[in-house]
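Undergrad: My questions concern the predicted model and sequence given below.
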There are 4 protein chains.
Amino acid sequence: MQDKDKNSKNAILLMHCPDQPGILAVVTDFINVNGGNILYLDQYVDRANKVFFMRIEWDLERFIIPQDKIEDYFETLYGHKYDMTFKLYFSDQKPRMAIFVSKMSHCLYDLLARYTAGEWNVEIPLIVSNHPDMEVAARRFNIEFAYFPITKENKAEQEQKELQLLKEKGITFIVLARYMQIISEEFINEYPNKIINIHHSFLPAFIGAKPYHAAFERGVKLIGATSHYVTCDLDAGPIIEQDIARITHKDTIDNLVRKGRDLEKIVLSRAVEKHIERKILVYKNKTIVFN
Amino acid sequence: MQDKDKNSKNAILLMHCPDQPGILAVVTDFINVNGGNILYLDQYVDRANKVFFMRIEWDLERFIIPQDKIEDYFETLYGHKYDMTFKLYFSDQKPRMAIFVSKMSHCLYDLLARYTAGEWNVEIPLIVSNHPDMEVAARRFNIEFAYFPITKENKAEQEQKELQLLKEKGITFIVLARYMQIISEEFINEYPNKIINIHHSFLPAFIGAKPYHAAFERGVKLIGATSHYVTCDLDAGPIIEQDIARITHKDTIDNLVRKGRDLEKIVLSRAVEKHIERKILVYKNKTIVFN
Amino acid sequence: MQDKDKNSKNAILLMHCPDQPGILAVVTDFINVNGGNILYLDQYVDRANKVFFMRIEWDLERFIIPQDKIEDYFETLYGHKYDMTFKLYFSDQKPRMAIFVSKMSHCLYDLLARYTAGEWNVEIPLIVSNHPDMEVAARRFNIEFAYFPITKENKAEQEQKELQLLKEKGITFIVLARYMQIISEEFINEYPNKIINIHHSFLPAFIGAKPYHAAFERGVKLIGATSHYVTCDLDAGPIIEQDIARITHKDTIDNLVRKGRDLEKIVLSRAVEKHIERKILVYKNKTIVFN
Amino acid sequence: MQDKDKNSKNAILLMHCPDQPGILAVVTDFINVNGGNILYLDQYVDRANKVFFMRIEWDLERFIIPQDKIEDYFETLYGHKYDMTFKLYFSDQKPRMAIFVSKMSHCLYDLLARYTAGEWNVEIPLIVSNHPDMEVAARRFNIEFAYFPITKENKAEQEQKELQLLKEKGITFIVLARYMQIISEEFINEYPNKIINIHHSFLPAFIGAKPYHAAFERGVKLIGATSHYVTCDLDAGPIIEQDIARITHKDTIDNLVRKGRDLEKIVLSRAVEKHIERKILVYKNKTIVFN
């Protein structure tokens, strides 16, 4: 299906609205009647909150509504009527991703390896760091590397420069690939639910710094990693993906760090993939992740 | 949702048909227009084979078509037209399950514990065995125990008696809870896709007898268990559920057997639960398992 | 090995002491020289704390030191000299387990099914509860059921009666199989590192009451279960075993409870098995679990 | 421990011999008495075959036997006497690894990312391929790339050239990182238990070509990956590591390939790490993998 998407031009609709009978029928009918071939449909009803969520993807080849008019038509015909929150994406408009990194390379190389292999429908025009160490990785993959050393004093200023650069590069979302800096509220508000972080614990256990040390101290038998959207509340944003690895009493903190690396990079990449595929909806600090 | 199901009366539709635009809209519309409140909807399109699969569950409380007419109406209005293969179930008609067992108790007790706790919407009026050992378990849970010792000579005859008893008890599906007998083609054909087996390997590896011995010999690092519908082809029926457990070079065959027990009972119970909830469709020797 | 243990008479030594060269050699030599056949040996050195941990199991058949003298000899020859903390167990002295339960049956039946199948080298002479609901389960397996309803007012008094009964029955350890009562410090101190609890979360996340509700609220993608020894610090005792199950946005709290049940019973049983096999050492609020 | 190893100079002994009392005591005593500080000890007794296996690692700083004499001393004093098969390694003698690759990059990049980050105590002086595609990856990490296109006609000749080059480069082991060529018996015999392959199935299921297609056809619910030493028997060599990923009826073959990539690279890297750390012993076509 991935491959098919790459060759054809598709529209993707992500939406939610108050649940009421017939929404799914109405939307699928709209696509079918106008010549769209539905490639993917998944829906979910949150019965407690009475909210309807849906992701639909369809082929635009014979769709009679011009691509630049679809959003307008859809809003007029259904969006307003059903009180929908919706977002339209097109497969020929690739998301543009910036990677923020500090000194550790494992998540970065994993992302770059997938990018260079063409696994994802994404552009990565920029790597940002508060340390110069990863410039070598950026060069190897021919990606621009922007070095913004951060101190308490210059943080606000540097973040403004970063935001400026992100804007210039047309960045649509940011991946914190073990970026060891807390990002300011102002910055986060520029990319709401568009900054993906990897935290090296099974959240909400071990929030904050040095989770492997805390896990070791507590004597847990599993370590975890959690990818989530960054919100202003530290390590408390909507969780996208989590996974764990088994450890024993024999594992030192160094071993936890080592075993954690594989966990972190895989959990982060799964989240990034879902985001690129427009399969994530955020609602009330939780994610709906379509598969 | 489980608890809700138990209190209300619901209809469940499991169906597949050649894929064409609008089927989902037509069916959901049929339910909505006639006063049915959809509680569950999941659909899947096999794009390679161009087949549309769906499971819908709706509340019958205000559904204006009488329960005993729904099948007829649905067939007339849509079934024939769309070339559907469909099956209707009602939550107040509990499936009736027989458990076949030999000498091992772990899967049996796991099923009975769930049954006695009311975890499942099922009746278990009968336990069948080729050995007398498990009669004690049947008695503890007040379930009829039928002892049919099987030899090469009497197999056909005993199976006929079993089938007769199953019929009398109104059995709708059979669970082989480590039943160490191959069931004849005649018997299987009476319960097509209605006999669930647990095989103690990660199928298709280690088909047939003594899979733990074979796994040990091969030096695998994971052991598995597979629940599947029984077909006339040994251990080759549609797979419902699989899982694995990690082993090491330290594990003896006894250990594999021991670790395998937990795997077997959990994997079997997951499959039985899906069957009871009418969430499994079989198509071309594979299962669609809705969640 | 399990089966072999049952037929022969073995000694099991669990020990730890300050690490120094040669301890392992000295102890294995002691056993070999005196005619003991080592069946199991696993050791671990905590290099940070410089502590040596070991579990050795040997066949007593041709061991020349009488069973009732081994502890004394070992203490005299090595225990004192190496500042060892050690404990000797014999396979013919079965641990005696009491199960504490409230209203939920899944963990209880799982333990009883293993017991009745002879999976474990243990006696279960007693089930204690603060509710009468599980008496039926106790009766089915012919185990004495003691009903101690607990209120704020009578708690201290009832616990004293429980302790008295546990003493009479020769109980050596207690399993809290979803016992929904906090146990007093006085009670816990009578069974230090001998009360095993199952907590229905991935500790240290979601300590205390209603962890599935908390997990649902947080929107985690995995739920967990943790078995641990009970200490006076709520849900903070040494962790023995943990495991997780994957959930999605589709899972209601009821589903978490349902999926959690399998997790809880398996994680609890793994911990109980390790305890029965004398494979757990506690050191500084953490466990060394030999395999 | 890893980091410590890098700074100090250690010896690693991997051995097996017929089991008899006291071997462990004798060997640990030999190290202790001569001033070696044991950093790691793990042993395992195969009671069925009566074979004793051990891995010991010790600090050479104050070891009184010169590094180049240890093997000789050990053979003289114990090797011959106990009929040992043993191998000595030194932490300052890094294994030298060649990577064989065809067109797929995911395993290759994963190995190179770990190498460049210094995760492993290894040298990678050479990448060999039957296709030119991965030269770009080799260049990015400054590793020599040798292109040996293989046809039926030139295979024997090309393999001879490869062997020649491997010899020149001092290669001690080979990793087939999705190298889509069967290696000849002559070649394999030059590197017995020193060629690590990743097979994209849960062996012994789906041996040979196109395992994802076979898995899809069979309708399994889990896919697997297996790393193993290459022997002359296709996909039947000693298994080092295996893992699985969950799939559903929704997954197309393309999805299996995609999900399989993460599985393959992680399972391969775990095996390579164990090999580099000298933690694998092969005995009768099975591996003992110390942890």
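TA: Thanks, I have it.
Undergrad: May I ask which helix or strand encompasses residue A:245?
TA: Taking DSSP states H and E as the criterion, residue A:245 maps to strand A:239-246.
Undergrad: List the strands paired with that strand, with their directions.
TA: strand A:222-229 (antiparallel) (DSSP bridges).
Undergrad: can you tell me if the strand or helix carrying residue A:274 touches chain D.
TA: Using DSSP H and E, residue A:274 maps to helix A:253-276. Yes. Using C-beta under 8 Å from any C-beta of the partner chain, helix A:253-276 comes into contact with chain D via A:254, A:255, A:258, A:261, A:262, A:266, A:269. Using the backbone N, CA and C atoms, a C-beta is placed for each residue, glycine as well.
Undergrad: try stretch A:167-177
TA: No. Using C-beta under 8 Å from any C-beta, stretch A:167-177 stays clear of chain D, coming no nearer than 12.2 Å.
Undergrad: Return the distance of that stretch from the chain's centre.
TA: Distance of stretch A:167-177 from the chain centroid (C-alpha atoms, centre = their mean, to the nearest Å) equals 11 Å.
Undergrad: And stretch A:14-23, by the same measure?
TA: On C-alpha atoms, centre = their mean, the centre of stretch A:14-23 falls 24 Å from that of its chain.
Undergrad: Contacts for that stretch, please.
TA: Under the contact criterion C-beta atoms under 8 Å, 6 or more residues apart in numbering or on different chains, stretch A:14-23 has outside partners A:27, A:45-47, A:50-55, A:82-87, A:89, A:278, A:281, A:283, A:288, B:28-29, B:32, B:37-38.
Undergrad: now the helix holding residue A:274 and strand A:239-246, what's the angle there?
TA: 150 degrees (axes from the mean of the first three to the mean of the last three C-alpha atoms, to 10 degrees).
Undergrad: Mind listing what's buried along helix A:253-276?
TA: A:255-276 (16 or more other C-beta atoms under 10 Å in any protein chain shown).
Undergrad: What of stretch A:11-28?
TA: Buried residues in stretch A:11-28, counted by 16+ other C-beta under 10 Å: A:11-17, A:19, A:21, A:23-28.
Undergrad: Strands - which of those land there?
TA: A:11, A:12, A:13, A:14, A:15, A:16, A:17 (DSSP state E).
Undergrad: Could you give the bridge partners of the second one?
TA: Applying DSSP bridges to residue A:12 gives these bridge partners: residue A:57, residue A:89.
Undergrad: any idea which of the ones in strands among the buried residues of stretch A:11-28 is closest to chain C?
TA: residue A:16 (11.5 Å; C-beta to the nearest C-beta).
Undergrad: separation between that closest one and chain D?
TA: The spacing between residue A:16 and chain D, counted by C-beta to the nearest C-beta, to the nearest Å, is 22 Å.
Undergrad: contacting residues around the residue in the stretch 51-200 of chain A positioned nearest to chain C?
TA: Of all residues in the stretch 51-200 of chain A, residue A:53 sits closest to chain C, at 8.3 Å by C-beta to the nearest C-beta. Neighbour list for residue A:53: A:15, A:16, A:43, A:44, A:45, A:46, A:281, A:283, A:288 [criterion: C-beta under 8 Å, 6+ apart].
Undergrad: got those as JSON lines, with pLDDT columns?
TA: Listed next are those as JSON lines, based on pLDDT from 0 to 100:
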{"residue": "A:15", "pLDDT": "97"}
{"residue": "A:16", "pLDDT": "97"}
{"residue": "A:43", "pLDDT": "88"}
{"residue": "A:44", "pLDDT": "90"}
{"residue": "A:45", "pLDDT": "89"}
{"residue": "A:46", "pLDDT": "91"}
{"residue": "A:281", "pLDDT": "97"}
{"residue": "A:283", "pLDDT": "96"}
{"residue": "A:288", "pLDDT": "98"}
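Undergrad: Just the buried residues out of those residues, in ChimeraX syntax.
TA: If you want just the buried ones from the contacts of residue A:53 in ChimeraX, going by 16+ other C-beta under 10 Å, the selection is:
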select /A:15,16,43,44,45,46,281,283,288
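Undergrad: of the residues of helix A:253-276 next to chain D, list those near chain B.
TA: Subset of the residues of helix A:253-276 next to chain D in contact with chain B: empty, counting by C-beta under 8 Å from any C-beta.
Undergrad: Show me which residues of chain A sit near chain B.
TA: So far as C-beta under 8 Å from any C-beta goes, chain A lies against chain B at A:1, A:21-22, A:24-26, A:28-29, A:32, A:37-39, A:41, A:43, A:45, A:47, A:246.
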